[in-house]
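Trainee: With the input below, show me the fold.
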Amino acid sequence: MDKDILTESLLLVDGQEHALTPRFYSILFERYPAVRPMFSADIAPQAKMLREAVVAVVDHLDDAAWLSGTLGALGRKHAGLGVTPPMYDAVAECMIAAMEELGGDEWTPEMTAAWTEALGAVAGLMLAGAEADQAEAV
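Mentor: Numbering: from 1, shown residues only. Below is the predicted model of the structure:
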């Protein structure tokens, strides 16, 4: 993964306003209204946690052990909340849509490709954690 492109593009779309995750949730709930009941009425705390998680993942791209452990645990937690594998695709789709919208004319196909790869890797590690937890329960 290209950490420079991910960092640069995250600064472009999130910057000082921290607009990315609130816009992401707006798009997610517009496109996938069935997931709305999984969240509290006040989405601000969740948006803040997601933003912190995105920043942490980008910061730790060179630390495979941190990524695997942290994202695996997060995947187990999300599975316990009812998150299913297809929901990961919806999240990636809506996150990239928010990024493209907020990035405007400065957003590039290379940024989309880098985030598609990164979000796919995140989903894979989270799903692996959830699957490992399910395997242990059997």
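Trainee: How about L74, nearest residue that isn't a chain neighbour?
Mentor: Residue nearest to L74 in three dimensions, not counting chain neighbours: M126, with 5.6 Å by C-beta to C-beta, 6 or more residues apart in numbering. In this view, the C-beta of every residue, glycine as well, is placed from N, C-alpha and C.
Trainee: repeat for P22
Mentor: The shortest distance from P22 to any residue other than its chain neighbours is 4.9 Å, reached at A47 (C-beta to C-beta, 6+ apart).
Trainee: who's in contact with that neighbour?
Mentor: With contacts defined as C-beta atoms under 8 Å, 6 or more residues apart in numbering, A47 is in contact with 21-22, 24-25.
Trainee: before we move on, back to that, against R76, how distant is the residue nearest to L74?
Mentor: In this structure, M126 lies at 8 Å from R76, with C-beta to C-beta, to the nearest Å as the measure.
Trainee: so where is the chain shaky, pLDDT-wise?
Mentor: Screening the chain residue by residue with the criterion pLDDT under 70, one finds the ranges 133-138.
Trainee: Longest helix in it, by number of residues?
Mentor: Using DSSP state H, we find that the single longest helix of the chain is helix 109-137.
Trainee: helices and strands around it, which ones?
Mentor: Counting contacts by 3 or more C-beta pairs under 8 Å, 6 or more residues apart in numbering; DSSP states H and E, helix 109-137 packs against helix 3-14, helix 44-59, helix 64-80, helix 85-103.
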